[in-house]
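J.: Here is a sequence with its predicted model. Questions after.
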Number of protein chains: 2
Amino acid sequence: MKFEAITIKDVAKALKLSISTVSKALRGSHEISEETKRQVLEYAREHNYKPNPIAQSLKRGRSKSIGVIVCNIDNNFFSQVINGIESVARQKDYNVIITQSQESYEREIANSAHLSSRSVDGLIISLSAETKNVDHLIQLHDKGLPIVFFDRVTDRIATHQVVADNQKGAYEGTLHLLKQGFRRIAHITSSSSLSITQERLEGYKKALTDAGLKPDARHIKFCQHGGMIPEETRQALTELVDLSDRPDAILTASDRLSTTTLSLLHQMKIKVPQEMALVGFTNSISAEIFSPSLTAIIQPALEMGQLTTDLLIRLIEARRPVTQFQKQVLQTQLIVRESSMRRTL
Amino acid sequence: MKFEAITIKDVAKALKLSISTVSKALRGSHEISEETKRQVLEYAREHNYKPNPIAQSLKRGRSKSIGVIVCNIDNNFFSQVINGIESVARQKDYNVIITQSQESYEREIANSAHLSSRSVDGLIISLSAETKNVDHLIQLHDKGLPIVFFDRVTDRIATHQVVADNQKGAYEGTLHLLKQGFRRIAHITSSSSLSITQERLEGYKKALTDAGLKPDARHIKFCQHGGMIPEETRQALTELVDLSDRPDAILTASDRLSTTTLSLLHQMKIKVPQEMALVGFTNSISAEIFSPSLTAIIQPALEMGQLTTDLLIRLIEARRPVTQFQKQVLQTQLIVRESSMRRTL
DNA sequence: TAGCTGGTCGCAAACGTTTTCGTAAAAAAA
DNA sequence: TTTTTTTACGAAAACGTTTGCGACCAGCTA
């Protein structure tokens, strides 16, 4: 199977011009007469000439593609972010190559190596739950690969970051539960090494403290694999439920954790919100039709993707080394629904 | 910003060998002595030499990447298919470039053109709801680009197809509703031009006919945009609800249609399943925690992605033109939950 | 007339590989 | 020893572009 395309050489031969003349004409060089340009452009259009992007990449040393590493595509938050990435990338004529780490450190390393060897011009990444060490990214960054982080970021690499205001989001979610009268509020969160985990945890603690409550370590459960292993979440929830002073509400820190927790509560026949209220970070488009409808802390996922990509492309196309880096912080939104109501609506 | 990598030339210079010797040594050619090979391999490993894939692509005329066009990534069915695609592609060392048509014919054309100009070695596609004409794909296929269809297929191009047994799936879903005692069963489906729409419609009709009921055209609603425009689904549902002999059950034909319909029923304060039962084609991982939990016809999405990719790669790597094409039909699975129960569980 | 200037265009190198072919030296056969 | 074969390597072309530079010609100036 061969896919034969017309090349610049064919155009040159047909028009009895040199290859370089054709090339310059196509790029509108001033060295070429208007008449010749017209001929070339016309012939190219008629015969549907498209420059071979691979040859261009080789020549220019840029591939016009960006790599993306997310933990999982099968998740509304990330798929929405990717929608944002794609929209900006397409508009600026970049390709997007998406890979999934599945929350695995190994796969994150493999993916980043693979992407860089595929000559992406830049990398967008949200760290995996297992990742504690970012040396693999530091190496790439030191070699000159532009990187922008979103969501799960690290300060060990000097570059742009795009995040939600996680602390505030968690604070508001917790505050809402407090206002509803819940007092023993637990927190199921992701790997403790993640930036989002730390920030959300702080917001959670701060809300409790501000309300005169003391955060209880037994009420805080970490899922090192970010909920990719269901058993992990089950374990965390079971421990909470078995506590002598069982919590009356839970704040979950991620999309997958939220849906898994709700699902497990169903299985355990624990009534939500009567026996256990729930507020979760989630961008699930179905949160409204959950049973009960789920009070959600929503991140502006689309915007995050767009902003991240915009920053990355600026980095890629910068003429001189960039030394000033931004940390963009976007606001979350709390949508109150049944799962956090003191009395069912 | 430049990303400097070590090239074969650097290796040659360092070892005082010619470029061709190094190249052959790296590929384990028999015409290079064991000693030289050892040296080259060692040096390459130590200095982390990676062949430049762009140069290789240019030389070989293959890019080791495959393009994917789906209507939407933000959807469990497609994201699971993509998981399948990715797993096989990665294993065979292919890159995957994912694009979304958003159910738009225009975008499908633009994406296919873009992907082919980006020199993908093959294309995986599930047609958009708006697509009635596949000339753009025929052109690419005629030029020699291997294509494999999944889910929403067309017979106008002679190539492999991977689909679910849509007719049987719809038949079983409808039959289940009938067995539960529902008699006025409506069907909300996608664009009538889609293969899946036709097949599911047939299954639905056959189940009714086999039960001695006559399919009623007023009970069948098409959404030309596949539910991407919420208003479209609302319109369809409203018309059904306003019928003098209002249906007592609905079979929805796609992931998005199912969740949207359930959501709209909530908004309309129509009790499910008491006033309106619901069975839907969906791969949503949250169907179990919907309110009520949603009876689902599940497609083996992961397998579909894997099979599709396997077939495509075989096509790409075929030494001689392939003339025998397969239509792989995978079985669906019906998961009965509350939304289709005559009496709530 | 001789020298300059602009305007057009082509030559050739370069990007990093792979691969065909040629060739020197070493080994084997005569 | 001479001839043939084998072994091990290098030169160069090719993939499709882009681009610096030189060549050529017309028209102009002095």
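T.: Okay, I see it.
J.: Spatially nearest residue to A:Asn230, not counting backbone neighbours?
T.: For residue A:230 the amino acid is Pro, not Asn. Nearest residue to A:Pro230 in three dimensions, chain neighbours excluded: A:Thr260, at 6.2 Å (Cβ to Cβ, 6 or more residues apart in numbering or on different chains). Just so you know, the C-beta spots here come from the backbone N, C-alpha and C atoms, and that holds for glycine as well.
J.: Just confirm that neighbour is within a helix.
T.: Yes. Counting by DSSP: H, G, I helix; E, B strand; the rest coil, A:Thr260 is found in a helix.
J.: I'd say it and A:Glu232 touch.
T.: No. Applying Cβ atoms under 8 Å, one finds A:Thr260 not in contact with A:Glu232, separated by 9.2 Å.
J.: separation between the residue in chain A sticking out farthest from the centre and A:Pro51?
T.: In chain A, the residue that sits farthest from the middle, by Cα atoms, centre = their mean, is A:Lys16; the gap is 50.8 Å. Per Cβ to Cβ, to the nearest Å, A:Lys16 is found 20 Å from A:Pro51.
J.: same question, A:Leu177
T.: Between A:Leu177 and A:Pro51 the computed distance is 58 Å (Cβ to Cβ).
J.: For those two, indicate the residue with more neighbours.
T.: Just comparing A:Leu177 and A:Pro51: by other Cβ atoms under 10 Å in any protein chain shown the higher neighbour count belongs to A:Leu177, 27 against 15.
J.: List the contacts of the residue nearest to the more buried one when sequence neighbours are not counted.
T.: Residue nearest to A:Leu177 in three dimensions, not counting chain neighbours: A:Ala249, with 4.7 Å by Cβ to Cβ, 6+ apart. Applying Cβ atoms under 8 Å, 6 or more residues apart in numbering or on different chains, we find A:Ala249 in contact with A:177, A:180, A:182, A:184-186, A:273, A:276-279, A:340.
J.: switch to 7 Å and redo it
T.: A:177, A:182, A:185, A:276-277 (Cβ atoms under 7 Å, 6 or more residues apart in numbering or on different chains).
J.: what does the stretch 51-200 of chain A put close to chain B?
T.: Contact residues, the stretch 51-200 of chain A versus chain B (Cβ under 7 Å from any Cβ of the partner chain): A:52-55, A:57-58, A:63, A:73-74, A:76, A:79-80, A:82-83, A:86, A:95, A:97-98, A:100, A:117-119, A:143-146.
J.: how does it look with 6 Å?
T.: Applying Cβ under 6 Å from any Cβ of the partner chain, we find that the stretch 51-200 of chain A lies next to chain B at A:53-55, A:57-58, A:73-74, A:79, A:95, A:97-98, A:117-119, A:143-146.
J.: of the residues you listed, buried ones?
T.: Buried by 16 or more other Cβ atoms under 10 Å in any protein chain shown: A:53-55, A:57-58, A:73-74, A:79, A:95, A:97-98, A:118-119, A:145-146, out of those.
J.: Return the subset of those lying in strands.
T.: Per DSSP state E, strands hold the following members of these: A:95, A:97-98.
J.: List just the nearest of the residues you listed to DNA strand D.
T.: Distance to DNA strand D across those (Cβ to the nearest atom of the strand) is lowest for A:Asn95, with 16.6 Å.
J.: How about the closest one: what's its closest non-neighbour residue?
T.: Take A:Asn95 and drop its neighbours on the chain: the residue closest to it by Cβ to Cβ, 6+ apart is A:Ser65, 3.7 Å away.
J.: tally of neighbours for A:Asp27?
T.: You called it Asp, but residue A:27 is Arg. Residues within reach of A:Arg27, counting by other Cβ under 10 Å, total 10.
J.: per-residue confidence for it?
T.: As predicted, A:Arg27 sits at a pLDDT of 93.
J.: and what of A:Ala211?
T.: 97.
J.: got it, and A:Val322?
T.: pLDDT, A:Val322: 88.
J.: distance between the helix or strand containing A:Leu123 and the chain's centre?
T.: Using DSSP states H and E, A:Leu123 sits in strand A:122-125. Remark: strand A:122-125 is offset 10 Å from the chain centroid, using Cα atoms, centre = their mean, to the nearest Å.
J.: Show me which residues of the stretch 1-150 of chain A are close to DNA strand D?
T.: Within the stretch 1-150 of chain A, the positions near DNA strand D by Cβ under 7 Å from any atom of the strand are A:5, A:7-9, A:19-20, A:23-24, A:26-27, A:31, A:49-52, A:55-56, A:58-60.
J.: among these, which ones are buried?
T.: Among those, those buried by neighbour count (16+ other Cβ under 10 Å) are A:5, A:7-8, A:23-24, A:26, A:49, A:52, A:55, A:58.
J.: Just the ones of those residues in helices?
T.: In helices, defined here by DSSP state H, the members of those are A:8, A:23-24, A:26, A:55, A:58.
J.: how about these, which pair is most distant?
T.: Using Cβ to Cβ, these reach their maximum pairwise distance at A:Lys24 and A:Leu58, which is 18.8 Å.
J.: A:Ala158: how many residues sit nearby?
T.: Using other Cβ under 10 Å, A:Ala158 is surrounded by 11 other residues.
J.: Tell me the residue of chain A that sits nearest chain B?
T.: Residue of chain A nearest chain B, by Cβ to the nearest Cβ: A:Ser291 (3.3 Å).
J.: wait, what's in contact with that residue?
T.: Going by Cβ atoms under 6 Å, 6 or more residues apart in numbering or on different chains, A:Ser291 touches B:289, B:291.
J.: Which other helices and strands does the helix or strand A:Arg38 falls within contact?
T.: Per DSSP H and E, A:Arg38 falls inside helix A:34-46. Contacts defined by 3 or more Cβ pairs under 6 Å, 6 or more residues apart in numbering or on different chains; DSSP states H and E place helix A:34-46 against helix A:8-15, helix A:19-26.
J.: And those: which comes nearest DNA strand C?
T.: Here helix A:19-26 is closest among those (Cβ to the nearest atom of the strand), at 2.8 Å.
J.: Roughly how far does A:Thr308 sit from A:Gln326?
T.: 11 Å.
J.: neighbour-wise, which of these two wins?
T.: For A:Thr308 versus A:Gln326, the count of surrounding residues by other Cβ under 10 Å is larger for A:Thr308: 28 against 13.
J.: ok now do the residue of the stretch 101-250 of chain A found nearest DNA strand C, which residues does it touch?
T.: Residue nearest to DNA strand C within the stretch 101-250 of chain A (Cβ to the nearest atom of the strand): A:Ser119, separated by 9.4 Å. Contacts for A:Ser119 (Cβ under 6 Å, 6+ apart) come out as A:63, B:54.
J.: switch to 7 Å and redo it
T.: By Cβ under 7 Å, 6+ apart, the contact set of A:Ser119 is A:57, A:63, B:52-54.
J.: re earlier: tell me the predicted confidence for the residue of chain A closest to chain B.
T.: 92.
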